[in-house]
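Asks: Need coordinates for the following:
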Amino acid sequence: MTPTMWILDIVFIALVALQIRARRLTLLQILLPFVLVAWASIAFIHSIPTDGNSGIVLTLAVVAGLVLGGAAGATTHVWLRDGRVITRAGIAAAAFWIFGMGIRLAFQLWATGSGEQTLGRFDFEHAISNDVWPVALILFAGTTVLVRVVFLIARGSRLRRGGAAREQAPDLTA
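Replies: Below is the predicted model of the structure:
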């Protein structure tokens, strides 16, 4: 793994630490994940391999990102305070986030280390391009991040419209 990949992985995992503290959902907090995902995509995706069964790998990566991003977004606390949307990741949201990013990091370490030959054989036996894995990992991480943000935007909008009176401020004393 390159130093840039290490930095990117650490940043994505560390983002959860910022989410545990209650904070206002601002334009910066909405745009920053989109900028980070765009940068990672431009930096690491140079082509999208679709030969053989590579498309299946890419589809599974996106679906996994949808599931984990949705789970993290759905389990993040969202409420209104003085007419402003406030968010705070609870234990479940943090666990989904860390699980997804941790799985991605573990796979990268395995694939570029002790599992390199095993993965190469698997790719050959299943007609998967070796170039698909970096793309799949970026798609997985990017989808997770963006889906979570979209969930928070949607939930905040719903609160502002008054359609979710049941979503109250969580008990922050626990």
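Asks: which residues in this structure form strands?
Replies: Using DSSP state E, the strands found in the chain span residues 23-24, 76-81, 84-89.
Asks: so which of those gets nearest residue 48?
Replies: Closest to residue 48 of the strands of the chain is strand 76-81 (C-beta to C-beta; 30.4 Å). C-betas here are computed from N, CA, C, even on glycine.
Asks: Redo the strands of the chain as JSON lines? Include mean pLDDT, mean neighbour count and distance to residue 63.
Replies: Output for the strands of the chain, formatted as JSON lines (pLDDT from 0 to 100; neighbours: other C-beta atoms under 10 Å; distance: least, C-beta to C-beta, whole Å):
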{"stretch": "strand 23-24", "mean pLDDT": "91", "mean neighbour count": "13", "distance to residue 63": "30"}
{"stretch": "strand 76-81", "mean pLDDT": "94", "mean neighbour count": "18", "distance to residue 63": "21"}
{"stretch": "strand 84-89", "mean pLDDT": "93", "mean neighbour count": "19", "distance to residue 63": "22"}
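Asks: With distance to residue 30 as extra columns, can I get those in JSON lines?
Replies: Conversion of these to JSON lines gives the following (distance: least, C-beta to C-beta, whole Å):
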{"stretch": "strand 23-24", "distance to residue 30": "11"}
{"stretch": "strand 76-81", "distance to residue 30": "13"}
{"stretch": "strand 84-89", "distance to residue 30": "10"}
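Asks: Residue 7 is nearest to which of the ones you listed?
Replies: Closest approach to residue 7 among the strands of the chain (C-beta to C-beta): strand 84-89, 21.9 Å.
Asks: ok, residues contacting the closest one?
Replies: Outside strand 84-89, the residues that touch it by C-beta atoms under 8 Å, 6 or more residues apart in numbering are 16, 19-25, 72, 75-80, 97, 152, 156, 159-160, 169-170, 172.
Asks: Equivalent analysis for stretch 121-134, please.
Replies: 44-45, 47, 49, 51-54, 57-58, 107, 111, 119-120.
Asks: now that stretch: how far from the chain's centre is it?
Replies: 23 Å (C-alpha atoms, centre = their mean, to the nearest Å).
Asks: in that stretch, what's buried?
Replies: Within stretch 121-134, the residues that qualify as buried by neighbour count (16 or more other C-beta atoms under 10 Å) are 123, 128, 129, 132, 133, 134.
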